[in-house]
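3D, please:
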Amino acid sequence: MLFSPNVKGKKGGIAKFTITRENGDQVTFSLPWGTTLEEHLLGKIPPLTPTISRVEK
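Just a heads-up that it's a prediction; the model follows:
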């Protein structure tokens, strides 16, 4: 079973999104989907790690 956001013409990829807290802290997630997710699960591609940063005001 593969999970997909149903992007036309694509069978896999990386979905990225960022959450920003009121104090400026940010965390960015990179989530594989489709065939890219399958490659991660099979160990063909190294795991992705979230990026955490603070926005200086």
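
pLDDT weak spots in the protein?
1-5, 50-52, 55-57 (pLDDT under 70).

please redo it, this time with the cut-off set to 80
1-7, 47-57 (pLDDT under 80).

how would you label the most centrally placed residue in the chain: helix, strand or coil?
Residue closest to the mean C-alpha point of the chain, counted by CA atoms, centre = their mean, is Ser30 at 1.6 Å. Here Ser30 is recorded as strand under DSSP: H, G, I helix; E, B strand; the rest coil.

what's the closest non-adjacent residue to it?
Closest residue to Ser30 apart from its sequence neighbours, by CB to CB, 6 or more residues apart in numbering: Leu48 at 4.6 Å. In this view, the C-beta of every residue, glycine as well, is placed from N, C-alpha and C.

if I read this right, the one you found contacts Lys16, doesn't it?
No - contact between Leu48 and Lys16 fails when scored by CB atoms under 8 Å: they sit 9.6 Å apart.

Quickly note the distance from the closest residue to Thr20 other than its chain neighbours to Arg54.
Closest residue to Thr20 apart from its sequence neighbours, by CB to CB, 6+ apart: Gln26 at 4.9 Å. Applying CB to CB, to the nearest Å, the value for Gln26 to Arg54 is 7 Å.

So which of those two has more stuff around it?
Gln26 (13 against 10; other CB atoms under 10 Å).

strand partners of the host helix or strand of that one, parallel vs antiparallel please.
Per DSSP states H and E: Gln26 is located in strand 25-34. Its sheet considered, strand 25-34 pairs with strand 12-20 (antiparallel), strand 51-54 (antiparallel) by DSSP bridges.
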